[in-house]
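> Predicted model, plus sequence, below.
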Amino acid sequence: MAYDILFLELMTMKIKTGYLYHIKDEYFDVVNDENLMQNHEKGKKRSTYFTIKDKNILWFVPISSKVEKYQKIIDKKVKKYGVCNTIIIRKIAAKDSAILLQNAFPTLEKYIDHVHTVDGVPLRVPKSLQNEIKSLFKNMIGLKKRGTNLFFADIDKLKEKMLEENKVSSK
């Protein structure tokens, strides 16, 4: 019964932290930020994003299947800095995935296209991985507030744009 209610909520677009979603192309047109990963790369399917709900803003953290590519970047960062917390590789749905915290950005529910499903079931990230992603993201936000920006996109500008858009649409 509880599963059926959750499934219905997710399929009717009640956004929840810990699930994977896809974003509408419209978002990228509206924000026009070349530092964001684009929705379609070379004709491939759209990106999947881990979502963190924060009041009226949703934070999208891109998930990539290009593990080898991002492992090389992680290795370079570890060699240079001794650590890499901006990209992590973990299992999601039994597959290795690169979680690109450095590419995170804010958006609004209206830009969500659909929840990511596997065999028709919304894909939920394991709680321990959710906690790890949220902790690393919170740390990156804290570093940014103290002057060390590890994000590729101008998240302050994008967040302000989303908050302003939210104000206008709620009037």
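Nice, I can see it. Residues are numbered from 1 along each chain as shown.

> so the nearest residue to residue 52 once chain neighbours are set aside bridges to which residues?
The shortest distance from residue 52 to any non-neighbouring residue, by Cβ to Cβ, 6 or more residues apart in numbering, is to residue 59 (4.2 Å). All C-beta spots, glycine's among them, are computed from the backbone N, C-alpha and C. In this entry, residue 59 is beta-bridged to residue 52, residue 106, by DSSP bridges.

> Residue 59 and residue 67, how far apart?
Going from residue 59 to residue 67 by Cβ to Cβ, to the nearest Å gives 22 Å.

> Same check on residue 92?
11 Å.

> Pick out whichever of these two has more residues nearby.
residue 92 (21 against 14; other Cβ atoms under 10 Å).

> Grab the nearest non-local neighbour of residue 161.
Nearest to residue 161 is residue 31, by Cβ to Cβ, 6+ apart, at 6.3 Å.

> tell me the contacts of the one you found?
105, 158, 161 (Cβ atoms under 8 Å, 6 or more residues apart in numbering).

> Compute the number of surrounding residues for the last one.
Per other Cβ under 10 Å, the neighbour tally for residue 161 reads 18.
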